[in-house]
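A.B. asks: Take this sequence and fold it.
(chains A and B)
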Amino acid sequence: MSLSKLSILVSACALIVLGGCEHEAAPPPVADFDPSFRLVDVNGRAVTDEDFDSQLRLVFFGYTSCPDICPITLTNISAALESLGEQAKDVAVLFISIDPKRDTPERLRAYTGAFHPSITGLTGNWVQIQAVTAGFRTTFGFTVRDGTGAEQPLNRIEYETIPAFADYTPFHSSQVYVIGPDDELLDIIGYGSKPAQIEQTLRSHLR
Amino acid sequence: MPRALLIVLAITLSATARGDILGLFGDDDLTDGSRFAFVPSKSDQTIIAIDTQDHDVAATLEISHVAGSVIPTNELDLLVATNPDAGTATIINLYNGQVITELDLGMRPDVMLANAYDRFVTFGSKDGSISTWDLSNYQQVVRIDGLSSALLLTFSFDGGRLFVVEPEEKKISVIDMAKRAKTAEISLGTEDNAEMRASAISRSADGYTGYVSIGSEDRVVVIDLVKLEIKGSIRVGAEPIRPFSTSDNQYVLVPNQGDQTLSVISSWSQNVVATIPTGIRAREVNTGWLDTVAFVMPAEGEEMAVIDLQDFKAMDPISLPGRTDDGIVTSDSKTLVTSVVETGEVAVADARSGKLVTLIDTGTSRLGGIEIAVSNNVCH
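C.D. replies: From the prediction side, this is the model:
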């Protein structure tokens, strides 16, 4: 066995032994990550990130007609909030629509309310949505069916002019951002995470 | 600590965890598509399920052949394992680990690819055949023969088209999956008449643009995947292999085998904005932690290069006990997992620190490529 292989084995064993009490170090900063925003809540009121400064923020981008990723993620987050009990009040779950053309404040209210009363639906104008998605380095876009029924990408300029009833479909990143009170990116919750895993992540960041 | 004791400790801890975590199909199962990754043994007739959360072997599935490659599906909770020599694919139920059926493909499945909605899986062969199966009823739905080769496959954003790069013909064939026919061709153009080495298409995150490395000409061809036409060509390092489009759609990363560098192309300007020495002959690249770190997987040698994509500089490489196969990054973008081919271990690296976390002993001596159903930052 080479020295390098032995050192890897030693490290691996040490990590296995210590696995139960391992404490995650703070993640390195992401240079152009900016979680600030100016958006509109489900009551049509202007809100900013500062309105949620006292809470741990879970930020998720999606749209209300999403068939799978959004409802699955919001269902799992809701279950985690229930398990948190009293501590849930220290968590702000922000669901930001990337489809403001269809997702009016009224529609967002009905949608988020169906999952959990603590989930805040947010929308905004097209400039605000593009700004907040850029700050979070999140990906989103749209496809539209062409004359043959095939889906084709719809660019953001075309999105501005297409009617809300058109046969377009949004797509978006699936991760949930965990943001601390000082606007720092604390963690990311991946798509498919189960409620217990989300609860564990939240508890590890709640003070 | 004596070496023998370390080995015993590692084996004991590994075996204990293996039996306890899942109770091998007790109350839990392997259907959590964001948690369990699967890797075929190349030395025995098993597929190993890796728990990417607990960094351990969750289960060892027995099949009747040494699997060529595997793909787990999240929608249907199935695992597909190819048997290239027999021309078949085995379907395994991830609820109980049992084999459901075997598909007679009528061709050699040299490569396998799941479509965007993970209900369909496509097999391709070196001799130019494509076979797509509906995993909800185990029926073949598309069969195409007569391509010069069908190894370099990429689905369009919605899975409606399959792009097949055919280096022998210096072109891309476009298969319309609904029409079950080849409906278009895109010429790759060329600067010489020599034999072409090309990669499969890599799609940008928004689905508009495709990138193909022409390894024999030190360039990347940019393709409009909507209009199905060439948009341009970008000069990169020597002998580029398959590009990688970051999920934030900012960069296209191109590992160059010839000069052991990584070319970073801006998705916006389509220019090379950085060329970073990696010191390794790469086989693939993956990114993690919001695309701030790139892992360049080695085609040979025992080091994986780690690149800081914020400062465009190489970090300390990760030393491994052998060369790796392709890697996967978990859906939270925090963890890279890859098999170390010739030692039977699975390496786990932290994307935030760029460091090796652990090596998992799978109990087998040789591994193929690892796959997970839900990986980094899937878009819907």
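A.B. asks: near chain B at all, stretch A:85-105?
C.D. replies: No. For stretch A:85-105, no contact with chain B is found by Cβ under 8 Å from any Cβ of the partner chain; the gap never falls below 10.8 Å. Where you see a C-beta, it was placed from the backbone N, CA and C, and this is true even at glycine.
A.B. asks: mean confidence for that stretch?
C.D. replies: On average, the pLDDT along stretch A:85-105 is 96.
A.B. asks: Which of the residues in it are classified as buried?
C.D. replies: A:88, A:91-101, A:103-105 (16 or more other Cβ atoms under 10 Å in any protein chain shown).
A.B. asks: gap between it and the chain center?
C.D. replies: Centre-to-centre, stretch A:85-105 and its host chain are 9 Å apart (Cα atoms, centre = their mean, to the nearest Å).
A.B. asks: Quick check: residue A:108 touching residue A:123?
C.D. replies: Yes. Look at residue A:108 against residue A:123 with Cβ atoms under 8 Å: they come within range, at 5.8 Å.
A.B. asks: Next, show the common contact partners of the two.
C.D. replies: residue A:97 (Cβ atoms under 8 Å, 6 or more residues apart in numbering or on different chains).
A.B. asks: what's the span of stretch B:299-312, first residue to last?
C.D. replies: 22 Å (Cα to Cα, to the nearest Å).
A.B. asks: oh sorry, the question was meant for stretch A:182-198
C.D. replies: Stretch A:182-198 end-to-end distance (Cα to Cα) = 21 Å.
A.B. asks: Now do the buried residues in that stretch.
C.D. replies: Here stretch A:182-198 shows A:185-193, A:195, A:197-198 as buried, counting by 16+ other Cβ under 10 Å.
A.B. asks: for chain A, what spans make up the strands?
C.D. replies: A:38-41, A:46-48, A:56-62, A:91-97, A:119-123, A:140-145, A:151-154, A:168-172, A:176-179, A:185-189 (DSSP state E).
A.B. asks: ok, of the ones you listed, where does mean pLDDT dip lowest?
C.D. replies: strand A:151-154 (a mean of 79).
A.B. asks: what's it in contact with?
C.D. replies: Against strand A:151-154 from outside (Cβ under 8 Å, 6+ apart): A:141-146, A:162, A:168-169, B:157-158, B:160, B:206-208, B:225-226.
A.B. asks: For chain A, what is the nearest residue in the stretch 101-250 of chain B?
C.D. replies: Minimum separation of the stretch 101-250 of chain B from chain A (Cβ to the nearest Cβ) falls at residue B:158, amounting to 3.9 Å.
A.B. asks: Let me know how buried that residue is, in neighbour terms.
C.D. replies: 19 (other Cβ atoms under 10 Å in any protein chain shown).
A.B. asks: Test my guess that residue B:73 contacts residue B:118.
C.D. replies: Yes. Residue B:73 is within contact range of residue B:118, at 4.5 Å (criterion: Cβ under 8 Å).
A.B. asks: quick one: common contacting residues for those two?
C.D. replies: In contact with both residue B:73 and residue B:118: residue B:373, using Cβ under 8 Å, 6+ apart.
A.B. asks: In contact with residue B:265, which residues?
C.D. replies: So residue B:265 contacts B:211, B:220, B:234, B:236, B:243, B:251-254, B:271-273 (Cβ under 8 Å, 6+ apart).
A.B. asks: redo that, cut-off 6 Å
C.D. replies: B:234, B:252, B:272 (Cβ atoms under 6 Å, 6 or more residues apart in numbering or on different chains).
A.B. asks: filter those to the buried ones?
C.D. replies: B:234, B:252, B:272.
A.B. asks: beta partners for the last one?
C.D. replies: In other words, residue B:272. For residue B:272, the beta-bridge partners under DSSP bridges are residue B:265.
A.B. asks: pretty sure it contacts residue B:261?
C.D. replies: No. In this structure residue B:272 lies outside contact range of residue B:261 using Cβ atoms under 6 Å: 10.3 Å.
A.B. asks: most centrally placed residue in chain A?
C.D. replies: When Cα atoms, centre = their mean is applied to chain A, the residue found nearest the centroid is residue A:60 (1.9 Å).
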